[in-house]
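K.L.:
here are the coordinates; sequence isn't available:
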């Protein structure tokens, strides 16, 4: 038991007293219920952030967190239906969406893949919390009736749209053999990079650590990528970084494998090893734990080396292991595209001069 899991369990523990407050009849019971609901709703954000920052993401937490969220909100909605504060069909819509996403998560987990939270899903949660809070407060304050109705409408809208978004993005789970190529959030960045490199005739190579070859896979997913992608090295261990990419042992000792200095050395090493115009290096802590370091989970450094300079950027991603690796790959593709355009512009200016 750790702090993130304790916060998650607190939402389950809060359900009985919250239901009592909603059904009781004493002064300010609704106001107290609304306050309790808001306070424990905030733990939904806190437990995930703490778990990722402290590297305490656990299988128990992954199981309990969505369960606690659904039971906490649905239990309040069921009481409000009983009290006549909301139509039953609204709860049916919300429950159906949550059941569908739970089935999707269970199915994908069985295949070794986690469904990361999507922006629409997070918006859905916020709209539901606001709607439920206003529904509770409209009972002692009738003036809030219209805002509560509008909030419920927005909550239903985002509940349905977020559910459809999940179904579309993970339709291959429901329809085996469905092609995910068109909806991949990564491919547009790879396609844009490929377009720039094809136009300019530039080439690049990769030095990957935390992404484990994912970046190279995204690049080579596009036909014709062999014209500009020369090769890559997945240097996961420190010794591999030294032997295959020429990263100095002193850098690894003084700054650690996850650092801007090492990322830049990896990018320069990849560029030198394959003789390309550009080189990229990616190193980070994908999670779920921090691998024994004090650095936060999600910390990632991406570097790009060009003939003129080598630069790096720091990122801190807040998803699960797969989401962090995917985001790192996307950012690396974007940085390579920026660098390719810059190099091409410099070459054009030199020729014109």
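P.N.:
Alright, I've got the coordinates. Since this is a predicted model, take the numbers as computed values, not measurements. Residues are numbered from 1 along each chain as shown.
K.L.:
pLDDT below threshold where in this protein?
P.N.:
Applying pLDDT under 70 to the chain picks out residues 1, 48-49, 51-62, 108-119, 171-187, 290-292, 349-353.
K.L.:
ok, longest helix in it?
P.N.:
Longest helix of the chain, by residue count under DSSP state H: helix 321-352.
K.L.:
name the helices or strands packed onto that one?
P.N.:
Packed against helix 321-352 by the contact rule (3 or more C-beta pairs under 8 Å, 6 or more residues apart in numbering; DSSP states H and E) you find helix 187-200, helix 214-220, strand 278-284, strand 299-305, strand 310-316. For the C-beta atoms, the positions are set from N, CA and C on the backbone; glycine is no exception.
K.L.:
Just say helix, strand or coil for the residue lying closest to residue 147 once chain neighbours are set aside.
P.N.:
Once flanking residues are discounted, residue 147 sits nearest to residue 134: 5.6 Å by C-beta to C-beta, 6 or more residues apart in numbering. At residue 134 the chain is in helix, as set by DSSP: H, G, I helix; E, B strand; the rest coil.
K.L.:
Tell me which residues touch residue 134, please.
P.N.:
When contacts are counted by C-beta atoms under 8 Å, 6 or more residues apart in numbering, residue 134 touches 144, 147-148, 151.
K.L.:
out of these, which is most surrounded?
P.N.:
residue 148 (23 neighbours; other C-beta atoms under 10 Å).
K.L.:
Can you give the distance from the strand or helix carrying it to the centre of its chain?
P.N.:
Element membership of residue 148 [criterion: DSSP states H and E] is helix 145-169. Averaging C-alpha positions (C-alpha atoms, centre = their mean, to the nearest Å) puts helix 145-169 21 Å from its chain's average.
K.L.:
mind checking the SS state of the closest residue to residue 31 other than its chain neighbours?
P.N.:
Distances taken as C-beta to C-beta, 6+ apart place residue 140 nearest to residue 31, at 6.4 Å, with adjacent residues excluded. The three-state assignment at residue 140 reads coil, by three-state DSSP.
K.L.:
separation between residue 140 and residue 283?
P.N.:
Separation of residue 140 from residue 283 (C-beta to C-beta, to the nearest Å): 55 Å.
K.L.:
Comparing the two, which residue is more hemmed in?
P.N.:
Under the criterion of other C-beta under 10 Å, the comparison of residue 140 against residue 283 puts residue 283 first, with 32 against 13.
K.L.:
Is it correct that the more buried one is in contact with residue 258?
P.N.:
Yes - contact criterion C-beta atoms under 8 Å: residue 283 and residue 258 qualify, at 5.4 Å.
K.L.:
Which residues are in contact with each of those two?
P.N.:
In contact with both residue 283 and residue 258: 210, 300-301, using C-beta under 8 Å, 6+ apart.
K.L.:
Turn those into CSV, including distance to residue 6 and neighbour count.
P.N.:
Shown next, in CSV, are the shared contacts of residue 283 and residue 258 (distance: C-beta to C-beta, whole Å; neighbours: other C-beta atoms under 10 Å):
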residue, distance to residue 6, neighbour count
210, 29, 24
300, 28, 25
301, 32, 26
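K.L.:
okay if I get the helices and strands packed on helix 321-352 as JSON lines plus distance to residue 323?
P.N.:
As requested, these are exported to JSON lines (distance: least, C-beta to C-beta, whole Å):
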{"stretch": "helix 187-200", "distance to residue 323": "15"}
{"stretch": "helix 214-220", "distance to residue 323": "12"}
{"stretch": "strand 278-284", "distance to residue 323": "12"}
{"stretch": "strand 299-305", "distance to residue 323": "12"}
{"stretch": "strand 310-316", "distance to residue 323": "12"}
